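>>> The sequence and its predicted three-dimensional model are supplied below.
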Protein chains: 2
Amino acid sequence: MPAPEIRETRLPGGLRVLTDPMETVETVSVGVWADVGARHEPAPLNGVCHMLEHMAFKGTRRRSALDIAVEMEDVGGQMNAYTSREHTAFFAKMLKDDLPLAVDILADILQHSVFDPEELARERGVVVQEIAQSIDTPDDIIFDHFQATAFGNQPLGRPVLGTMETVERLDSDAVGGFQRAHYSPDRLVVTAAGRVDHDALVDMVAGQFTALNANPPAKGETARYTGGEYRETRDVEQAHIVLGFDGVAYDDPDYYAAAVLATLFGGGMSSRLFQEIREKRGLAYTVSAFANSYVDGGLFTLYAGTGPEDVAALTPVLCEEIAKVRTRVSPDEVARARAQLRAGILMGQESTSGRCEQLARQILVFGRPISNAEVLAAVEAVDEATVVRVANRIFATAPTLAVLGAIDGMEPLEQMRTRF
Amino acid sequence: MPAPEIRETRLPGGLRVLTDPMETVETVSVGVWADVGARHEPAPLNGVCHMLEHMAFKGTRRRSALDIAVEMEDVGGQMNAYTSREHTAFFAKMLKDDLPLAVDILADILQHSVFDPEELARERGVVVQEIAQSIDTPDDIIFDHFQATAFGNQPLGRPVLGTMETVERLDSDAVGGFQRAHYSPDRLVVTAAGRVDHDALVDMVAGQFTALNANPPAKGETARYTGGEYRETRDVEQAHIVLGFDGVAYDDPDYYAAAVLATLFGGGMSSRLFQEIREKRGLAYTVSAFANSYVDGGLFTLYAGTGPEDVAALTPVLCEEIAKVRTRVSPDEVARARAQLRAGILMGQESTSGRCEQLARQILVFGRPISNAEVLAAVEAVDEATVVRVANRIFATAPTLAVLGAIDGMEPLEQMRTRF
């Protein structure tokens, strides 16, 4: 019996519906992913996407906030949402028979939310608390400062949550208007993975998503990486250090090579940074490298958290490792990184929520599902020469340094730059 | 075709091996769970279990730390570990053909680690960084203070990581001696879930786990919940409030009723605390309730994070909700909580790592696998009267209050107690 296949239907208005069936599970994950995120916000409305995500759960024409919560949890389903710099997602996981209810609720909250001013006033308070919690968590807020420094005053540099100031100014018109302007059918995709019948889902979606506004496509500002430096001394136990570089976009030919580089450089226990900084020298509990991509750019990021007594010793080691990886990588470590990525891809196939999200991201970014075979072949094609070339491409760009905490004694960025 | 069944084999030395086969996946999760945790530590050795967990990856007689990391990641496998107050776990997930390698490495690191003094000195530095990171994260460290307050100066009140002082004093003899004294075959269980053959795994384990010391069973101190109050003013954006009560042990007849209570009181978007504190009043971003169990006791815990301007208003609402749930719960909300727990149990069945861990916990706590049918029946049997009775049992115990952050203006515990 051949494995069931991913199917795609584009509805007349442009809304895409995709299913990834898994016949051995009893549950289904379904979600709506919007090609709308913090980078699509005008500066005074920074945080509006995230507020919209919150307000979607605060009442529609026919459901109160309590109804929305109760109806899904009555059947043991879980509904959740998140906002990123490029996307907003609303998704649910439930037993297979409850899929129609989930689609009904998703369609309702995305088309008929009322954005009641009193509810919004309360929700501003909730989001301000969420921002406060982020500020209080050094290894969370440091990445907002890093992003702002890497992209200067551009939309891609702004925080997803907005700021306390911008959030306090968001009113119902701003939130509702933003939704009407951006939630066009052609910028949304509905995906489901698990125990799901494609045609049945298409019928549900076609019957429910009838009130979306068609709009001209958003003209986003192309991201322009700048680099720079941010330093904040804070009276805490640790110093948090984020050193980043201009990375690769999703559709960059070096996308998979950057993933291999991040894995062998700081992606696991056998990685160079983990071995050199944590295992050999004991300079940090957390040290890692990762590659983030956007539609038009990316960031390649190194992170370490360390104590005040080690902060002076850490950055020279970090920078020497950068210099080393620009000169040589071994066949063994490239093969190992490929194996890690390959296994991660296969393991990701075992969860309905993982497959549902992966499919949606592929549609939003590439406009088509990407088969595992295609991804695995691309990973397999990355060799040592490519990794070294991409390391040189990335680490030759202007660095972005964001540091926060007990940072006295840390060398300046100019000195770090002399080391790689 | 009947679903493949859980199988158990007890090896001659007392080591138990269990498998939960899943025929539709390509991977397997395997792990060793030890009935050894922070509560088994003598006070001067607080943190030794966690240090042992770290040092297990730092070299054996035939493998360096690098070898351990490299061998597993060479095949794309992921190995990890954690320590809790009652258990220590070492586990891995890999493609099915790589199971023998994982068992080989697990057996090696748990029986033949060398605890090299130089490696240990470096690892003390790493753990001190981990402690510092925890101290810097208010909504992390507050739970250590809460636990210490709930259980006074008893072993169950101590932090899993230890303190900077106790960790700095741990030497090779202490770590190695603790392992020899506690890692007896009868206190360990090996479980695997996913694409695994039971007899093949039993052969691997029997062939590899041949060097464990048999020891008399540990005589643990029975936990005695005390309650109390901890206050720490810190110059941060939020106040973190943990209010807890004497809870239920794993084998308590009220175990499932406590789970239903936690779910309807603060377990999801439809829960009372979420609705009243976040949705209706906007007083917090995070508010929740949860029930934690130990072999001889438990904690029932409420948590909220809020801003300095709302901290005075929050605790009265929290306490009024306690008073209300002691008088009445509706059939609807009990049914909904049961549905949430039921769906959570079924959804947990879809991941190899989740099933592997669940099976191990059941063996360590109950000495036998508990079928889904048994758990679901126990959940189903919880009715409104039971929930109200258990709410009264729990909320009549001496409260434990731990608060940290911007807490000026918060009412004292004595005043809170008058409200429920």
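Thanks, I have it.
>>> Determine if any part of stretch A:264-280 is in contact with chain B.
Yes - judged by C-beta under 8 Å from any C-beta of the partner chain, stretch A:264-280 and chain B are in contact via A:268, A:269, A:270, A:274, A:275, A:278, A:279, A:280. Backbone N, C-alpha and C define where each C-beta goes, glycine included.
>>> List the buried residues of stretch A:188-206.
When neighbours are counted by 16 or more other C-beta atoms under 10 Å in any protein chain shown, the buried residues of stretch A:188-206 are found to be A:188-196, A:198, A:201-202, A:204-205.
>>> Setting aside sequence-adjacent positions, which residue approaches the residue nearest the centre of chain A most closely?
In chain A, the C-alpha closest to the average C-alpha coordinate belongs to residue A:84, at a distance of 5.4 Å (C-alpha atoms, centre = their mean). Nearest non-adjacent residue to residue A:84, counting by C-beta to C-beta, 6 or more residues apart in numbering or on different chains: residue A:37, 5.3 Å away.
>>> got the contact list for that neighbour?
Counting by C-beta atoms under 8 Å, 6 or more residues apart in numbering or on different chains, residue A:37 makes contact with A:49, A:83, A:84, A:85, A:86, A:87, A:88, A:160.
>>> Do you know the pLDDT at the closest residue to residue A:368 other than its chain neighbours?
Once flanking residues are discounted, residue A:368 sits nearest to residue A:362: 6.9 Å by C-beta to C-beta, 6+ apart. In this model, residue A:362 is scored at 96, pLDDT.
>>> give me the low-pLDDT residue ranges for the stretch 301-420 of chain A?
Low-confidence regions of the stretch 301-420 of chain A, defined by pLDDT under 70, are absent; no residue qualifies.
>>> Secondary structure class of the residue nearest to residue A:368, three-state.
helix (DSSP: H, G, I helix; E, B strand; the rest coil).
>>> returning to that earlier point: if I look at the residue nearest to residue A:84, what pLDDT would I see?
Note for residue A:37: predicted pLDDT of 96.
>>> Can you give the domain ranges for chain A?
Per automatic domain parsing, the structural domains of chain A span A:7-208, A:228-417.
>>> a markdown table for those domains, including distance to residue B:12?
Supplementary listing: the domains of chain A in a markdown table, determined by distance: least, C-beta to C-beta, whole Å:
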| stretch | distance to residue B:12 |
| --- | --- |
| domain A:7-208 | 37 |
| domain A:228-417 | 34 |
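>>> Any idea which of the ones you listed gets closest to residue B:320?
Each of these has some distance to residue B:320 by C-beta to C-beta; the shortest is domain A:7-208, at 18.1 Å.
>>> show me the contacts for residue A:393.
With contacts taken as C-beta under 8 Å, 6+ apart, residue A:393 has the following neighbours: residue A:254.
>>> Once you drop chain neighbours, what's closest to whatever residue of the stretch 1-150 of chain A ends up closest to chain B?
In the stretch 1-150 of chain A, no residue comes nearer to chain B than residue A:76, which is 2.7 Å away by C-beta to the nearest C-beta. Once flanking residues are discounted, residue A:76 sits nearest to residue B:343: 2.7 Å by C-beta to C-beta, 6+ apart.
>>> Residue A:72 is in contact with that neighbour, correct?
No - using C-beta atoms under 8 Å, residue B:343 makes no contact with residue A:72, being 10.2 Å away.
>>> what touches both of these two?
Residues touching both residue B:343 and residue A:72 comprise A:78, A:94, with contact defined as C-beta under 8 Å, 6+ apart.
>>> and the stretch 301-420 of chain A, which residues reach chain B?
Proximity of the stretch 301-420 of chain A to chain B (C-beta under 8 Å from any C-beta) is limited to residues A:305-307, A:310, A:332, A:335-336, A:339-344, A:346-347, A:350-352, A:405.
>>> Give me the subset of the residues you listed lying in strands.
Residues of these located in strands (DSSP state E): A:305, A:306, A:405.
>>> And those residues, which of them are buried?
The neighbour-count test (16+ other C-beta under 10 Å) marks A:305, A:306, A:405 as buried among those.
>>> My guess is the first one contacts residue A:239. True?
Spelled out, it's residue A:305. Yes - between residue A:305 and residue A:239 there is a contact under C-beta under 8 Å: 7.1 Å.
>>> what is the mean pLDDT for the helix or strand harbouring residue A:257?
Of the helices and strands defined by DSSP states H and E, residue A:257 is found in helix A:255-266. Per-region confidence: helix A:255-266 scores 98 on mean pLDDT.
>>> ok, now stretch A:178-192?
The predicted confidence, averaged over stretch A:178-192, sits at 96.
>>> got it, and stretch A:201-211?
Mean predicted confidence for stretch A:201-211 is 97.
>>> Please enumerate the strands of chain A.
A:7-10, A:16-21, A:27-34, A:78-83, A:88-95, A:188-194, A:228-233, A:239-246, A:286-294, A:297-306, A:400-405.
>>> So which of these is the most surrounded?
Most buried of the strands of chain A, by mean neighbour count (mean count of other C-beta atoms under 10 Å in any protein chain shown): strand A:188-194, with a mean of 28.
>>> what's it packed up against?
Other helices and strands packing on strand A:188-194, by 3 or more C-beta pairs under 8 Å, 6 or more residues apart in numbering or on different chains; DSSP states H and E, are strand A:16-21, strand A:27-34, helix A:99-111, helix A:198-208, helix A:352-366.
>>> now do 6 Å
Here strand A:188-194 is seen to pack against strand A:16-21, strand A:27-34, helix A:352-366 when contacts are counted using 3 or more C-beta pairs under 6 Å, 6 or more residues apart in numbering or on different chains; DSSP states H and E.
>>> contacting residues around that strand?
Applying C-beta atoms under 6 Å, 6 or more residues apart in numbering or on different chains, the contact partners of strand A:188-194 are A:15-20, A:22, A:25, A:27-30, A:32-34, A:201, A:205, A:352, A:355-356, A:359-360, A:363.
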